[in-house]
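S.K.: what shape does this take:
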Amino acid sequence: MAYSKLPCNAPEKQQSTEEALTASYRASMRIQAMRINGIAHEASSLRHELSQSQHQLSIWQHTLSWRLTAPLRVVRHLSKGQLPTGRKISDVYRRLQEIYQDEGAAGVRFRISHRLARSSIGRAAERLFERKPTKVVATVDGGAKKTTSILTHEEKINQVYSAYVSQDRLKDFTPRILIIAELSLRQCAKYRVWQKEEQLRSLGWLVDVVDWRETEEALSALQVCTEVIFYRVPAFPAVELLLKEARRLELSPWWEVDDLIFSAEDYKQNGNLATLDKQEQEELLFGVRLFRKCLLSCDKAIASTRVLAQAMQKAGIQHTVVIENALDQQTLDVVADIRQNGVPQHDTQREIRIVYGSGTRTHDADFRLAAAGILAAMQADPRLTLHIIGDLTLPSEFDALGERVQTQTGLDYAAYMHLLAQADITIAPLEPTIFNDAKSNIKFLEAAVLSLPVICSPRDAFMQIVQDGQNGLVAQTDAEWRDAILKLAADSTFRKTLGDQARTDVLDHYSPEAIVKNQVLPAFGKPDVQLSAEFRILCANIYYEPRSFGGATFVAEEMARRLQQQKNTKVAVFTSRPALAQRGKASIRYCMEGTDILGVITPPDHDSVAGLDNTDATLAFKKWVEAFRPSVVHFHATQGLGLGCVRVCMEKNIPYVITLHDAWWLCERQFMVKADGHYCFQEKINLHTCQLCVPHARHLAERQVLMTTAMQHAALLLTPSAEHRALFVANGISADKIRINRNGFLWPKSPHTPRAAGQKLRFGYVGGTEEIKGYSLVKRAFEALKRDDWELIIVDNKLNLGIKSVYTGAWKTQGQVSTIPAYTRETIDAFFNSIDVLLFPSQWKESYGLTVREALSRDVWVISTAPGGQAEDIEDGVNGTLIPIDGRPETLQMAVEDLLDTPGFMQNYVNPNKASLATFEQQSAELGNWLREVAQVSG
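M.R.: Here you go, the predicted structure:
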């Protein structure tokens, strides 16, 4: 089929995109509000019912008759298919299947044991789900015995997700640095986190900042970063999990700190420890061990001073860099405001203000170092006043000074700087210890940028910038502190000279530009934003390896592989993941056959609104898009991932293509199958009819807005069949926008093995137990056969997910019925060699029917319903039998008996129409060309 070129009307499209986004967000807000209100109402009702039930039950349970009739009530509930709680056993079984599928036996065991606690049933459940021992297998290998583990399905899945991802994969992502940080210490966060973010962004890096306590958020952020810094983070178990994840992703983590808090020997020299009670001291020293453990778990380290860097190297981290605390834009903006608007003035003939920024009470010992000199100066010059910003325990001698000593606490940074700017003299005393030599010179920077004179102790970081008598004063003894204060108090010109020179020197050495150029750039460099492939495709599909499930997933996987092989093309995948231990809702990045994949948690099936507009998945998708920077996005089967992903593409002006695999884009019921199991034959969707079908769904109008907006603003829509295309055209989608991209499939590696002479006719069914696929029709039709000259093989397509869903033991048939697991790429030929006829009695108009094509290519006759995409390659009486979608087992039975009555016809049957079937090569070539066309037109 020939298609015209896609139109290019960028200005009109841009305008309509803005309008469409507005409409989509409004619908999203309404639909989420409905969901929240529904949850709140349901919770309120349940609480009320629970309260009433508990009260009534409490009364009943204290009666003798209640206790005596307990066994009878249990039997009565069981006879009605209910648990003693009143819940249907079938519902419990279905829920256990869902849990097992997502979390394995461990999830089932946890829930049962949690619900039943110490009861005998709970203990029995523990024994039932107890892990089987490792199997010992004797092997002929030098007479030795080897022990091999038989992995459960859950363990095989976890092996994929826990596998290390090569560092080479990082070259395919946008350079991004993640800072996992201690954010509760405001000054530390300002100078080491927010300042670092600003510096790195100025070099072109993308930067994310996450509090180390937000484990799930940090885990998700690790998936899309190319560098990670752990700032002032202790090695608590949650942090060790983050470190382990960084190792799995083969990141080379940095550990950063601005205090010597990782060496117990050096930390104990801090005289301020003595001001704390014993418990606080023990907690701090315990923290030192955790900080050291985290440091040594990293490959590289960032220190705020050279002494700190030396201590890190001594601890065992050789790759250590120094990035000093410096000026940042916030500081410069505050200072600019102060210099422009001024601060309250005071008469220096009457008052000379000494300001000390203590910060916390751990500076008591530091202040005592200068206390005698300060007191002596204040006694000598009655104009001197002392203003303390922060917590500080003053020596009792200062009590005599009365109101000449003022303390202010709880100030934010801007208020602190405004108060500091009112100083005439600032001080920065520090004890002579290696702990303090490792400290930075923040107090000098903050005063100097305000042109204030500083008197400081000769600690190492201060002496890197302070020149005694030129841009500051240095004091050690009581007399030096007294004389320095009195000298500054007596000479306003000297105060101004020192302050002005200090400002000049600080701006030269510690401006944002200077620090970035001299310290940040050498450590991190500029990010390389060049991508490894010119054409980049991001595919979104609800399932993907290792959770392959359903025909749409199989096609999505195959297309990703084949598109990846096209010239200068790179493919990434966005999909769902199962519940994994210790990950919560965090996303996970893994790699399969050279394809980078990001998996996210999706809501349960019963929460259809969350699956329609999944805010968590949208956020993860946005990060994945920023990391991968696709040329085009291809949305495959996306139910559960949500339509927020489409809005991300619209907002970032990334062209997207949607493959319409089923009716999810039109109908609340994905396959347009009503509650009674029958197909809804609507051609043009009528929401009034739909509302009667799903009366509980109050969001259908908003749903339609979201869906229509997404489809109308797609660059291209694809369907696997003409029948399916017609459905969407009938519902208002422009025919010019929808193209048919027929699904390929795995062709046989060798010819079909003919049925042996006299062998019974062999039928196969692969649709699962869903009513819509015709499972009950197959059961009733074959139970109605009054002959035994046949065999039926039923594929249980959930066995590979660890769930048994097909039970044929109760079938009352004369022929033989057996079950097998779903076939794989390796076993598909063997399966079709074992049957002569494929049963495909689907009760809806399938969009395609992959299994039908697999059978037709292998000379297997197909009995299929029509109309629908499943029937488009079947010529009735030539390569298959077509029956109506009527829900009657008699119709299927007649088709089966017609074949049984002419078994010779199938003896050497060969499908004469195989040449017209699609191939993966054709599909991927067609899809690749269209995706490139879309990217070029939109670009």
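S.K.: walk me through the domains of this protein.
M.R.: The chain breaks down by automatic domain parsing into domains covering 164-322, 329-509, 535-740, 761-917.
S.K.: and for the closest residue to residue 413 other than its chain neighbours, the neighbour number?
M.R.: Of all residues not flanking residue 413 in the chain, residue 190 sits nearest, at 6.5 Å (C-beta to C-beta, 6 or more residues apart in numbering). For glycine as for every other residue, the C-beta is placed from the backbone atoms N, C-alpha and C. A count of nearby residues for residue 190, using other C-beta atoms under 10 Å, gives 16.
S.K.: wait, isn't residue 629 in contact with residue 531?
M.R.: Yes - using C-beta atoms under 8 Å, residue 629 is in contact with residue 531, at 6.4 Å.
S.K.: backbone dihedrals for residue 890, please?
M.R.: When quoted as degrees, to the nearest 10, the phi and psi of residue 890 stand at phi -60, psi -30.
S.K.: if you rank every helix and strand of this protein by mean pLDDT, what lands last?
M.R.: strand 135-138 (a mean of 38; mean pLDDT, DSSP states H and E).
S.K.: with just CA atoms, put stretch 805-820 into PDB.
M.R.: What follows is stretch 805-820, C-alpha atoms only, in PDB (Å, rounded to 0.1, in the frame of the first residue of the first chain):
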ATOM      1  CA  SER A 805      -3.200 -21.200  34.900                       C
ATOM      2  CA  VAL A 806      -4.500 -24.100  32.800                       C
ATOM      3  CA  TYR A 807      -6.100 -27.100  34.500                       C
ATOM      4  CA  THR A 808      -7.400 -29.900  32.200                       C
ATOM      5  CA  GLY A 809      -7.700 -32.600  34.700                       C
ATOM      6  CA  ALA A 810     -11.500 -32.000  35.000                       C
ATOM      7  CA  TRP A 811     -12.100 -32.000  31.300                       C
ATOM      8  CA  LYS A 812     -14.500 -34.700  30.300                       C
ATOM      9  CA  THR A 813     -13.300 -35.700  26.800                       C
ATOM     10  CA  GLN A 814     -12.700 -38.900  24.900                       C
ATOM     11  CA  GLY A 815      -9.600 -37.700  23.200                       C
ATOM     12  CA  GLN A 816      -6.300 -36.800  24.900                       C
ATOM     13  CA  VAL A 817      -5.700 -33.300  26.300                       C
ATOM     14  CA  SER A 818      -2.300 -32.200  27.600                       C
ATOM     15  CA  THR A 819      -0.600 -28.900  28.600                       C
ATOM     16  CA  ILE A 820       2.800 -27.500  27.900                       C
END
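S.K.: what lies in contact with it?
M.R.: Stretch 805-820 is contacted by residues 97, 760, 768-769, 779, 782-783, 785-799, 831 when judged by C-beta atoms under 8 Å, 6 or more residues apart in numbering.
S.K.: what about the helices in the stretch 801-939 of the chain?
M.R.: 828-833, 850-856, 889-900, 920-938 (DSSP state H, counting those that start in this stretch).
S.K.: relative to residue 927, which of the domains of the chain is closest?
M.R.: Closest of those to residue 927 is domain 535-740, at 6.1 Å (criterion: C-beta to C-beta).
S.K.: average pLDDT across the helix or strand harbouring residue 159?
M.R.: Per DSSP states H and E: residue 159 is located in helix 153-162. Taken as a whole, helix 153-162 carries a mean pLDDT of 84.
S.K.: tell me the centre residue of the chain?
M.R.: The chain has residue 587 as the residue nearest its centroid, 2.4 Å off, counting by C-alpha atoms, centre = their mean.
S.K.: my guess is it meets residue 619, correct?
M.R.: No - using C-beta under 8 Å, residue 587 is not in contact with residue 619; the gap is 9.1 Å.
S.K.: OK, contacts around the closest residue to residue 680 other than its chain neighbours?
M.R.: Closest residue to residue 680 apart from its sequence neighbours, by C-beta to C-beta, 6+ apart: residue 672 at 4.6 Å. When contacts are counted by C-beta under 8 Å, 6+ apart, residue 672 touches 663, 666, 679, 680, 682, 844, 845.
S.K.: isn't the fifth one right next to residue 689, touching?
M.R.: Read it as residue 682. Yes - with contact defined as C-beta under 8 Å, residue 682 and residue 689 form a contacting pair (6.3 Å).
S.K.: higher neighbour count, the two?
M.R.: A count of neighbours by other C-beta under 10 Å puts residue 682 above the other of residue 682 and residue 689, at 17 against 11.
S.K.: give me phi/psi at the more buried one?
M.R.: phi -60, psi 140.
S.K.: gap between the nearest residue to residue 888 once chain neighbours are set aside and residue 895?
M.R.: Excluding the flanking residues, the one nearest residue 888 by C-beta to C-beta, 6+ apart is residue 777, at 7.7 Å. From residue 777 over to residue 895 the distance is 11 Å, taken as C-beta to C-beta, to the nearest Å.
S.K.: between these two, point out the one with more neighbours.
M.R.: The residue with more neighbours, out of residue 777 and residue 895, is residue 777; 26 against 20, by other C-beta under 10 Å.
S.K.: ok, the residue nearest to residue 888 to residue 730 distance?
M.R.: 27 Å.
S.K.: also residue 524?
M.R.: Going from residue 524 to residue 730 by C-beta to C-beta gives 56 Å.
S.K.: ok, the two, which is more surrounded?
M.R.: residue 524 (22 against 13).
S.K.: what about that one, distance to residue 906?
M.R.: Counting by C-beta to C-beta, the gap from residue 524 to residue 906 is 70 Å.
S.K.: residue 25: what's it in contact with?
M.R.: For residue 25, the contact set (C-beta under 8 Å, 6+ apart) comprises residue 647.
S.K.: centre of the chain versus stretch 720-739, how much separation?
M.R.: Computed by C-alpha atoms, centre = their mean, to the nearest Å, the separation of stretch 720-739 from the middle of its chain amounts to 34 Å.
S.K.: buried residues, that stretch. List them.
M.R.: Within stretch 720-739, the residues scored as buried using 16 or more other C-beta atoms under 10 Å are 720-721, 723-728, 731, 733, 737-739.
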